[in-house]
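Engineer: Return atomic coordinates for the entry below.
(one chain, ligands or ions: 1)
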Amino acid sequence: MTDDIYSLAYISKNTIAGDQDVINAQIENILMTAQSNNPAKGITGALLYSGGYFCQVIEGPEEALEDLFETIQMDSRHAECTILHFEPIEEKGFSGWSMAFAGIDDNMRFDIDGIKASKDELAMKSAGKDLVNVLDELVSQRQSVST
Ligand SMILES: Cc1cc2nc3c(=O)[nH]c(=O)nc-3n(C[C@H](O)[C@H](O)[C@H](O)COP(=O)(O)O)c2cc1C
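Structural biologist: Below you'll find the predicted structure:
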């Protein structure tokens with residue numbers, strides 16, 4: 001079916017040079033771009049900055065996701081984009097969020113180097129699932145704080 005909804009989860013390494021203020025300003029810029037571009041494409045998602053890594057889930061129509069990921073992957077603000085999963089989902093986990101921000105967190109929550117080294121598809125998928133859960137939890141915590 002062409003109107004299936006897919007989820008793509010990836011982790012990448014930050015390449016923005018500078019202190020945390022410089023990085024924060026770029027994260028702000030990324031979120032503004034995402035929030036302005038994603039709605040027209042039917043894309044929703046969440047972003048976390050954790051221990052020098054970006055962790056992002058984007059969800060939406062398959063082609064729109066592929067196109068967006070192509071663009072994101074070329075972005076010089078990060079490198080080594082590693083896809084954890086790209087799979088059809090029953091329903092969106094972040095509907096209502098053109099791009100939710102799950103926060104900045106000093107400690108990396110995932111052993112991404114270990115997962116990458118193992119090249120184990122099951123470990124990747126499991127990390128992808130963990131990522132969706134962590135993002136979901138962090139986004140709802142932030143939401144309850146801000147309201
Ligand atoms: C970690 C990361 C996540 C991003 N997420 C999105 C996104 O969800 N949507 C988006 O349009 N751009 C996103 N971008 C920005 C794109 O790489 C690109 O700069 C942008 O889509 C260009 O949009 P513009 O042509 O409107 O300037 C992201 C960039 C990074 C580094």
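
Engineer: helices or strands next to the helix or strand of the chain with the lowest mean pLDDT in the packing?
Structural biologist: Least confident element among the helices and strands of the chain, by mean pLDDT, DSSP states H and E: helix 112-118 (a mean of 76). Applying 3 or more C-beta pairs under 8 Å, 6 or more residues apart in numbering; DSSP states H and E, one finds that helix 112-118 contacts strand 78-89, helix 121-146. The way it works is simple: take the backbone N, C-alpha and C, and place the C-beta from them, glycine included.

Engineer: Of all those, which one comes closest to the ligand?
Structural biologist: strand 78-89 (4.6 Å; C-beta to the nearest ligand atom).

Engineer: Neighbouring strands of that closest one in the sheet, and parallel or not?
Structural biologist: Sheet pairing of strand 78-89 (DSSP bridges) gives strand 5-14 (antiparallel).

Engineer: for the ligand, what are the nearby residues on this structure?
Structural biologist: By the rule C-beta under 6 Å from any ligand atom, the part of the chain lying against the ligand is 30, 33-34, 37-38, 45, 47, 54, 56, 58, 68, 71-72, 75, 77-78, 99.

Engineer: 8 Å instead?
Structural biologist: Within the chain, the positions adjacent to the ligand are 12, 26, 30, 33-34, 36-38, 41, 43, 45, 47, 54, 56, 58, 68, 71-75, 77-78, 98-99 by C-beta under 8 Å from any ligand atom.

Engineer: Good, we can wrap up now.
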